[in-house]
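1. make a model of this:
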Amino acid sequence: MKKIKYIFCGVLFYIGFLVALIPARFVLSMVPIPPPIKLGLINGTVWSGNVSSIDLEGVMLESVSWQLSPLKLLTLSAQMNVQIGKQTSKLKGRGIIEVSINGLQVSDLTLSSTLQYL
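-> Just a heads-up that it's a prediction; the model follows:
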């Protein structure tokens, strides 16, 4: 009986580690992305990762990174802190994106750019 408990705990920990370390590239390959949107290299995990570039019909977003809040998943929503661009990027920004049953919500969005880029 003890052996079955240890095996069950081991399987449970293994599944927990798989979920914690699941690559963002794997998850995003299963998400249908509309044709006008093109993603660059995807690194990191679902919880914390980045995309080298996102092309939105000619608007280039460089170095997009995110942090997913695991506690928000308990309320059946996903909340991500998103940061766009580096110091040398033409377009920089940050904000919070929340996806829930009610839809998509963007809050605290701040974008900055040079006048030439606009």
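2. how many residues are close by the nearest residue to residue 80 once chain neighbours are set aside?
-> Excluding its sequence neighbours, the residue lying closest to residue 80 (C-beta to C-beta, 6 or more residues apart in numbering) is residue 66, at 4.5 Å. (Glycine included, C-beta is placed from N, CA and C.) By other C-beta atoms under 10 Å, 18 other residues sit near residue 66.
3. residue 66 and residue 43 touch, don't they?
-> No - taking contacts as C-beta atoms under 8 Å, residue 66 lies outside contact range of residue 43: 11.2 Å.
4. helices of this protein, start to end?
-> Per DSSP state H, the chain carries helices over the ranges 2-20, 24-30.
5. mind listing the residues bridging to residue 39?
-> residue 54 (DSSP bridges).
6. so how far is residue 17 from it?
-> 26 Å (C-beta to C-beta, to the nearest Å).
7. what's near enough to touch the most centrally placed residue in the chain?
-> In the chain, the centroid-proximal residue (C-alpha atoms, centre = their mean) is residue 66; its distance is 4.8 Å. Residue 66 is in contact with 48, 49, 50, 80, 81, 82, 83, 97, counting by C-beta atoms under 8 Å, 6 or more residues apart in numbering.
8. of these, buried ones?
-> Buried subset of the contacts of residue 66 (neighbour count, 16 or more other C-beta atoms under 10 Å): 49, 80, 82, 97.
9. pretty sure the second one contacts residue 70?
-> Going back to what we said before, that points to residue 80. No - between residue 80 and residue 70 there is no contact under C-beta under 8 Å: 11.2 Å.
10. what do these two both touch?
-> Joint contacts of residue 80 and residue 70 (C-beta under 8 Å, 6+ apart) do not exist.
11. what pLDDT does the nearest residue to residue 75 once chain neighbours are set aside get?
-> Once flanking residues are discounted, residue 75 sits nearest to residue 100: 7.7 Å by C-beta to C-beta, 6+ apart. Residue-level confidence at residue 100 comes out at 89, pLDDT.
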